[in-house]
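[1] Just to be clear, the model below is a prediction. Sequence and coordinates:
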2 protein chains.
Amino acid sequence: MSLPETELSSIPMTRQLADQALGFGTPDVPDDVREIGRHCLLDWFSVGLAAWDSPPMQALRAWIALEPSPGPCNLLGSPQRVSASQAALVNGTAGHMLDFDDAHLPSRVHPSAPLWPAILALAQARRLSGAEALAAFAAGVQVQSRLGVVMGNSHYREGWHNTATLGTFGATAAAARLLGMNEEALCRAFGFAATLTGGLRSVFGSPAKPLHAGRAAANGLMAAGLVDQGMQTFDDLLERPRGFVQVYARDFDPSRIQPEAGSWEARRIVFKYHASCYGTQAPIEAALALRDRVARAGCRRVDVHVEPQYMSVCNIARPTSVSEAKFSIAHMVALALAGRDTSNEENLSGSALVDPDVVAWRDRVHVHGDAEVPRANARVTLDDGKDRVTHTHDASQPQADLKQQRRRLLDKSSALLRPRYGERAVARMQERLLDIAQQPSLTDWLHDTVLELDR
Amino acid sequence: MSLPETELSSIPMTRQLADQALGFGTPDVPDDVREIGRHCLLDWFSVGLAAWDSPPMQALRAWIALEPSPGPCNLLGSPQRVSASQAALVNGTAGHMLDFDDAHLPSRVHPSAPLWPAILALAQARRLSGAEALAAFAAGVQVQSRLGVVMGNSHYREGWHNTATLGTFGATAAAARLLGMNEEALCRAFGFAATLTGGLRSVFGSPAKPLHAGRAAANGLMAAGLVDQGMQTFDDLLERPRGFVQVYARDFDPSRIQPEAGSWEARRIVFKYHASCYGTQAPIEAALALRDRVARAGCRRVDVHVEPQYMSVCNIARPTSVSEAKFSIAHMVALALAGRDTSNEENLSGSALVDPDVVAWRDRVHVHGDAEVPRANARVTLDDGKDRVTHTHDASQPQADLKQQRRRLLDKSSALLRPRYGERAVARMQERLLDIAQQPSLTDWLHDTVLELDR
């Protein structure tokens, strides 16, 4: 829906969004939403740390090092402490570097990527509690998700990276909460968010993509911080003529800004358990569900049915690099059926790509586009010539069993980090992160958590 | 012109822009272009310094002070030295705060606002010479101006602030030159510029507008700096499908990226001599040209003819505040005819607004929209009942006489700064700034220039 300017400007979206961010107290966050926040923190921290020594992170850290700004905030992978802005930028980029972080599919935003780096930086700088941080996370998810629903498909379609643009609003909301700002002030901070943000989808496939997440986090701190220091701008930049909504989307639906009563967008967050494209997640899960069957009998042929769009995105038949393997349904399904770890990038490169066992499976995989398979779903059929077993997996649905989700995320975290940090250090780090709600101040808690890894 | 993606992506705009920034040596800059660069520096520094103590600057400086980053770079209005990024952000915002800085009308970019803060910060950090800084300025003007011509009217019309968006490319080009980068690297840096920038025109009228200039400067340093440290992205982000040009403009003309041989966009820069809206500049100039006539005879009536668009922009008949006076052709023309200083905001507020002499002139001014008067022009007629004298001024054309331009800018600078810093300190500062070309290193030169003012 594209509204005339007068009608658009009569809908107070900026205020409604501010109300969603600030209209609940820290104790009002339901237990399951808090638990999901902890999962997001653990997962975000783990995938960010796993990317710490990658070449783009080295370049970014070298650039930051040219302008030292000592402060109370930790960088993920070192005991060094820097200013909030620098920590948000660097940690935010790290968390999205492997493209292995959480997702909120309806808004196309990776929720933790802009939020946790901003929240942790501010919580360290201001000695805030873990409970406040978890509430800020819930608020940030709410804001960026609802704005995503308003912006509809056209925002992404026209070329914007939602995690960059909408994530800036989420980070602004989270920061405003932690700074104790009121709704009027947050409305102005959303104005700065609207005019500070950017992020083109055309950089996907380059390290400028994860940089967007770091920028969204740092921009959020800036937008809230400037208003907190008294800088002024208008308080209706979402609905204003030629404001954010109109300039950044061609079709939009302001009526969808309000969620259903009592709903929390954090409950829609999904996680990746396999180090590859989202379109490969459901085929891998379906293959894993059928793996026992493979052990009992032979298997001549594997048919994978996915939504047709994935045929052009992740159907590389014989990958020759990590990048290609991430977009190869055949390779990822073969890894799963051969019992290899799909959460570890080591199985996506080098000798793993020509491992005879994996290759034998890979050659049996046939991928089909199927218009009846909805997004993020897949149907996998194993066929031994006589018997056929089929399993369908829907990767768009969050896990109902949060205990199982926690276990799986701990396994993923361990697989990512044990080779570098050792089992005991990783276990201690995981325990500390999941204990965040008990912390009266995150200033030294996060520092000590990072220090554990450095020992 | 809106091209199909395949045709668009076949035109190497990114490379052509990089070539314009780096394809000439420091000694190749013509003398007049260097002189214009000095004028821009003097003017930008003066209007920035005049805004130093304004409330938005206080808020911005308070926010920066939360994250101290000591470095070699000066803030305009204090002897404090900070990192290049912080200096670029703060000084860049100051320079555009009064909306009294230079303009390149064909591109709608304020040329110095994103460029000088980035150039001075980098020159201080790297001990670069004044001649190199002037060449970087010429390169930055070239890049942002030609990109503006390509983007056409639709970029601004759809809601973007050209000084923010295109200025980021100019600052990136200037920084790349000063860092000694080659064309391949600058193409990638333009990619970061494309994905880091933003800036909505809907914030005009609030301090978020001048903040755009500071951000463009800081973003330019970041884009060039990240690539200089080895960060990668694509080298065709202007022409890439859903790249900068396609996402940020609906109509564009890639064929206009190339300038005529030997042309320098810096030669099109115009200055404001009156502290008010651009639409009031030509009426004031025309009135000044007729002022002698007023002294000789009576004047019953003043008719001002301007382009019709200005009737809704700057035709406030009886202003009651500085903001309104800036948009009052009648008040500004009255000030000029009454012999008051139009470059001084003090004549736009308080008792000056009800000064009987000024009011008497103001009541005689009649403003008319006239479709035959082109943009930034005005025709003013003084009429004493018997005689009529008419003068037409074109404020879109740069001054041909650079000596006169220098004199006028020195007068403007003095009028802005003498009340705060005193005549001698201002004269010393002006002399030092105009002597930039002789400096082998700007590191201490700028520091000492700022220090002069602090004595």
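    Received, thanks. Residues are numbered from 1 along each chain as shown, chains lettered A, B, ... in the order given.
[2] Quick one: residues in contact with stretch A:404-420.
    For stretch A:404-420, contacts defined as CB atoms under 8 Å, 6 or more residues apart in numbering or on different chains pick out A:35, A:39, A:42-43, A:46-47, A:49-50, A:271, A:273, A:341, A:343-344, A:398-399, A:423, A:426-427, A:429-430, A:434. To be clear about C-beta, it is placed using only N, CA and C from the backbone, and glycine gets the same treatment.
[3] Among the residues you listed, name the buried ones.
    When the contacts of stretch A:404-420 are checked for burial by 16 or more other CB atoms under 10 Å in any protein chain shown, the buried set is A:35, A:39, A:42-43, A:46-47, A:49-50, A:271, A:273, A:341, A:343-344, A:398-399, A:426-427, A:429-430, A:434.
[4] mind listing which of those are in helices?
    A:35, A:39, A:42-43, A:46-47, A:49-50, A:426-427, A:429-430, A:434 (DSSP state H).
[5] mind putting those residues in CSV, distance to B:F190 and pLDDT included?
    Formatted as CSV, these follow (distance: CB to CB, whole Å; pLDDT from 0 to 100):
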residue, distance to B:F190, pLDDT
A:E35, 44, 98
A:H39, 39, 98
A:L42, 38, 98
A:D43, 34, 98
A:S46, 34, 97
A:V47, 30, 97
A:L49, 32, 97
A:A50, 31, 95
A:V426, 41, 96
A:A427, 46, 96
A:M429, 40, 96
A:Q430, 42, 97
A:L434, 43, 98
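[6] Now render those residues as a markdown table, adding distance to B:V358.
    A markdown table is the format used below for these (distance: CB to CB, whole Å):
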| residue | distance to B:V358 |
| --- | --- |
| A:E35 | 69 |
| A:H39 | 68 |
| A:L42 | 69 |
| A:D43 | 67 |
| A:S46 | 69 |
| A:V47 | 66 |
| A:L49 | 67 |
| A:A50 | 69 |
| A:V426 | 75 |
| A:A427 | 78 |
| A:M429 | 71 |
| A:Q430 | 73 |
| A:L434 | 71 |
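[7] if you skip the residues just before and after it, what's nearest to A:D28?
    Nearest residue to A:D28, sequence neighbours excluded (CB to CB, 6 or more residues apart in numbering or on different chains): A:A135, at 7.9 Å.
[8] Tell me how many other residues surround that neighbour.
    24 (other CB atoms under 10 Å in any protein chain shown).
[9] and it, what element?
    Assigned by DSSP states H and E, A:A135 belongs to helix A:130-157.
[10] What's the first helix or strand after that helix?
    helix A:162-178.
[11] which helices and strands does that next one pack with?
    helix A:13-22, helix A:112-126, helix A:130-157, helix A:183-196, helix A:208-228 (3 or more CB pairs under 8 Å, 6 or more residues apart in numbering or on different chains; DSSP states H and E).
[12] CSV for the ones you listed, including mean pLDDT?
    Shown next, in CSV, are those (pLDDT from 0 to 100):
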stretch, mean pLDDT
helix A:13-22, 97
helix A:112-126, 98
helix A:130-157, 97
helix A:183-196, 98
helix A:208-228, 98
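[13] Which of these sits closest to B:H366?
    helix A:183-196 (38.3 Å; CB to CB).
[14] how about that closest one against chain B, any contact?
    Yes: Helix A:183-196 is in contact with chain B by CB under 8 Å from any CB of the partner chain, via A:G191, A:F192, A:A194, A:T195, A:L196.
[15] C-alpha coordinates for that helix, CSV please?
    Taking Å, rounded to 0.1, in the frame of the first residue of the first chain, the C-alpha atoms of helix A:183-196 are listed here in CSV:
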residue,chain,number,x,y,z
GLU,A,183,9.1,8.2,24.6
GLU,A,184,9.4,11.8,23.4
ALA,A,185,13.2,11.5,23.4
LEU,A,186,13.1,8.0,21.7
CYS,A,187,10.9,9.5,18.9
ARG,A,188,13.7,12.0,18.2
ALA,A,189,16.3,9.3,18.5
PHE,A,190,14.4,7.3,15.8
GLY,A,191,14.7,10.5,13.7
PHE,A,192,18.5,10.3,13.9
ALA,A,193,18.3,6.5,13.2
ALA,A,194,16.3,7.3,10.1
THR,A,195,18.9,9.7,8.7
LEU,A,196,22.1,7.9,9.8
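[16] relative to helix A:208-228, how tilted is it?
    140 degrees (axes from the mean of the first three to the mean of the last three CA atoms, to 10 degrees).
[17] for chain A, which spans come out with low pLDDT?
    A:1-2, A:295-297, A:455 (pLDDT under 70).
[18] domain parsing for it?
    A:5-271+A:436-447, A:278-394 (the TED database).
[19] wait, which of the ones you listed is closest to B:I316?
    domain A:5-271+A:436-447 (20.5 Å).
[20] Run the chain-centre distance for the closest one.
    Here the centre of domain A:5-271+A:436-447 is set off from its chain's centre by 11 Å, with CA atoms, centre = their mean, to the nearest Å.
[21] And stretch A:388-398, by the same measure?
    Worked out by CA atoms, centre = their mean, stretch A:388-398 lies 22 Å from the chain centre.
[22] same deal with stretch A:323-337?
    21 Å.
[23] So that stretch, near chain B or not?
    No: on the criterion CB under 8 Å from any CB, stretch A:323-337 is out of touch with chain B, staying 12.7 Å away.
[24] quick one: terminal-to-terminal distance for that stretch?
    21 Å (CA to CA, to the nearest Å).
[25] The stretch 1-150 of chain A against chain B: which residues are in contact?
    A:55-56, A:58-60, A:62-63, A:66-71, A:83-86.
[26] Apologies, that question was intended for the stretch 201-350 of chain A.
    A:201-203, A:205-208, A:211-212, A:215, A:222, A:225-226, A:228-234, A:237, A:240-244, A:246-247.
[27] Leaving out sequence neighbours, find the closest residue to whatever residue of the stretch 301-450 of chain A ends up closest to chain B.
    Closest residue of the stretch 301-450 of chain A to chain B, CB to the nearest CB: A:S323 (12.7 Å). Nearest residue to A:S323, sequence neighbours excluded (CB to CB, 6+ apart): A:G205, at 8.0 Å.
[28] So among the residues of the stretch 201-350 of chain A next to chain B, which ones count as buried?
    A:201-203, A:206-208, A:211-212, A:215, A:222, A:225-226, A:228-229, A:231-234, A:237, A:240, A:242-244, A:246-247.
[29] Touching, A:S154 and A:V247? I think so.
    No: here A:S154 does not reach A:V247: they are 11.8 Å apart, not a contact under CB atoms under 8 Å.
[30] Overlap in contacts, these two.
    With CB under 8 Å, 6+ apart, A:S154 and A:V247 have no common neighbours.
[31] so how many other residues sit close to the residue lying closest to A:V149 once chain neighbours are set aside?
    Distances taken as CB to CB, 6+ apart place A:R256 nearest to A:V149, at 4.7 Å, with adjacent residues excluded. A:R256 is flanked by 16 other residues according to other CB under 10 Å.
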